[in-house]
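Chemist: Just the structure for this:
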Amino acid sequence: MFRLLRPLAASVTYTRWLHLLLPGAVCSVWMFISPATPWAPMIFAVPVGLLPGMRLAEGVQAQLLLMPEERGRPDAAISTTAAATWADRWRTVLWLEIRLLFAVAVGCASVWLPGTAVDLVLAATGTDPSAQWLVRGVEPHWWYGLLTPVPVLTLLAVVVLAGRLITAGAQQLLGPSPVQRLTALEERTEQLLERNRIARELHDSIGHALTVAVVQAGAARAAQDPEFTERALTAIEETGRDALDDLERVLRVLRESGTPMGQRPTLVEADRLLDSARGSGAKIDADVSGPLEQVPGAVSREGYRILQESLTNVLRHSGAVSVRVRITVANARLELEVTNPLTNSTAAPGGGSGLRGIRERAALLGGKARTGPHEGEWRVQASLPLNGLGWPNAG
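Modeler: Reported below is the predicted structural model:
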């Protein structure tokens, strides 16, 4: 029993009722202007629904009144953006037609059912039958009072059921389009990648630095040797400096995490990375071929990060050396290769979290990445597929 009455205590039930009745105001005004053409609002809804901004207006209103708990959430079931495609526009038109039909049905129920309840009260109290509005031609009798709750309960049931139906319709017709869903998926993928990278950086770099500092400090205190203590302090200082550098890189990622996806760097901006590496002393020989601007956003962003990590790895472990960079877009794949001469400080294959991050980024997009020595050089090679991510020649 209480389960059936629970919706009546929820405020969303009455905001949905308001949402259902709002189009009735437009219909009422039109009926006052032209009562001979009650169907005209249904016709006018077609050109109005084709306006891109109408989808935005309907989405904001529906999200506020039908699903207020999702207001402002990026993953809300009801979209609050203007129509970007003709499919979205026609879905908006269908939504307006359905909303008008619901407004007529619920509006009539909201007027006739309470009026019926009032007439039943008048009939039960022996009022003049001519004062009755809907229930006419009946003799007054006390037992009509027993029927008074029936139209009221019927109205409440209609409001609850119609509210749920119109909410389900809004989720289907005003929900995110496939393009918007793909963009949200890309954003979620980017967030997961950055979180994993931050976790790896903190664990490998900061954790290692703290471990070295603790061990060196404990050993120096136990040795009671000034020369050994000096060496331990030097090791702690060097390790701490390296940890601070790594921490700054991690914080840079955190600062960028609030940047919208459309403003994240892509391979179109690869020249910025190459110029930065040249400014650090590296001799860059770059060869870029293929339409980088046509690479899907997710692949282009991950390619940029892979190139960034590859160049950072070169500068950190090899210093100012000659670096060859090859970026190719062909046959529905993005091929990226960074090679530099091997030095004594070059990281061992697979030894760093950055190298693991490169392989994980490639694997997440269905590609492959290889890092390690190759013919006397250190090579980072990544191959990312473009199929299924909007590439025009996929397939």
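Chemist: Show the residue spans covered by the helices in the stretch 1-150 of the chain.
Modeler: 2-5, 11-33, 40-49, 52-65, 86-124, 149-173 (DSSP state H, counting those that start in this stretch).
Chemist: Go through the ones you listed and find the least confident stretch.
Modeler: Ranked on mean pLDDT, the bottom entry among these is helix 2-5, at a mean of 70.
Chemist: Would you mind putting the CA coordinates of that helix into PDB?
Modeler: The C-alpha trace of helix 2-5 is given here as PDB (Å, rounded to 0.1, in the frame of the first residue of the first chain):
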ATOM      1  CA  PHE A   2       2.700   2.400   1.000                       C
ATOM      2  CA  ARG A   3       4.700   1.500  -2.100                       C
ATOM      3  CA  LEU A   4       1.700   2.600  -4.300                       C
ATOM      4  CA  LEU A   5       1.400   5.900  -2.400                       C
END
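Chemist: List the buried residues for that helix?
Modeler: Neighbour counts over helix 2-5 (16 or more other CB atoms under 10 Å) mark no residue as buried. C-beta coordinates here come from the backbone N, C-alpha and C atoms, glycine included.
Chemist: which residues touch the spatially closest residue to V106 that is not a sequence neighbour?
Modeler: Leaving aside its sequence neighbours, V106 sits nearest to L20 (CB to CB, 6 or more residues apart in numbering; 4.4 Å). The contact partners of L20, taken as CB atoms under 8 Å, 6 or more residues apart in numbering, are F102, A103, V106, G107, V159, A162, G163, I166.
Chemist: The first one and L161 touch, don't they?
Modeler: Spelled out, that is F102. No: using CB atoms under 8 Å, F102 is not in contact with L161; the gap is 10.8 Å.
Chemist: which of these two has more neighbours?
Modeler: For F102 versus L161, the count of surrounding residues by other CB atoms under 10 Å is larger for F102: 20 against 12.
Chemist: Any figure for the gap between that one and A168?
Modeler: For F102, the distance to A168 equals 12 Å [CB to CB, to the nearest Å].
Chemist: Going by secondary structure, the residue most central in space within the chain is in what exactly?
Modeler: For the chain, the residue nearest the mean C-alpha position is A184 (3.5 Å; CA atoms, centre = their mean). Using DSSP states H and E, A184 sits within helix 178-201.
Chemist: Using PDB, write down the CA coordinates of that helix.
Modeler: Output in PDB follows, covering the C-alpha atoms of helix 178-201 (Å, rounded to 0.1, in the frame of the first residue of the first chain):
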ATOM      1  CA  PRO A 178      25.400   8.800 -31.300                       C
ATOM      2  CA  VAL A 179      27.900  11.600 -32.000                       C
ATOM      3  CA  GLN A 180      27.400  12.900 -28.400                       C
ATOM      4  CA  ARG A 181      27.700   9.400 -27.000                       C
ATOM      5  CA  LEU A 182      31.000   8.900 -28.800                       C
ATOM      6  CA  THR A 183      32.300  12.200 -27.500                       C
ATOM      7  CA  ALA A 184      31.400  11.300 -24.000                       C
ATOM      8  CA  LEU A 185      33.100   7.900 -24.500                       C
ATOM      9  CA  GLU A 186      36.200   9.700 -25.700                       C
ATOM     10  CA  GLU A 187      36.200  11.900 -22.600                       C
ATOM     11  CA  ARG A 188      35.800   9.000 -20.300                       C
ATOM     12  CA  THR A 189      38.600   7.100 -22.100                       C
ATOM     13  CA  GLU A 190      40.800  10.200 -21.800                       C
ATOM     14  CA  GLN A 191      40.100  10.500 -18.100                       C
ATOM     15  CA  LEU A 192      40.800   6.800 -17.400                       C
ATOM     16  CA  LEU A 193      44.100   7.100 -19.300                       C
ATOM     17  CA  GLU A 194      45.200  10.100 -17.400                       C
ATOM     18  CA  ARG A 195      44.200   8.600 -14.000                       C
ATOM     19  CA  ASN A 196      46.200   5.400 -14.800                       C
ATOM     20  CA  ARG A 197      49.200   7.500 -15.900                       C
ATOM     21  CA  ILE A 198      49.000   9.600 -12.700                       C
ATOM     22  CA  ALA A 199      48.800   6.400 -10.600                       C
ATOM     23  CA  ARG A 200      51.900   4.900 -12.400                       C
ATOM     24  CA  GLU A 201      53.900   8.100 -12.000                       C
END
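Chemist: circling back to that earlier point, looking at the helices of the stretch 1-150 of the chain, which is nearest to W143?
Modeler: With CB to CB as the criterion, W143 lies closest to helix 86-124 of these, at 7.3 Å.
Chemist: can you pull the contacts of the nearest residue to T81 once chain neighbours are set aside?
Modeler: Of all residues not flanking T81 in the chain, L56 sits nearest, at 6.2 Å (CB to CB, 6+ apart). For L56, the contacting residues are T80, T81, A82, A83, by CB under 8 Å, 6+ apart.
Chemist: who wins for most neighbours among these?
Modeler: In the contacts of L56, the most neighbours by other CB under 10 Å go to A83, 23 neighbours.
Chemist: Hmm, P52 and that residue touching each other?
Modeler: Yes: using CB under 8 Å, A83 is in contact with P52, at 4.4 Å.
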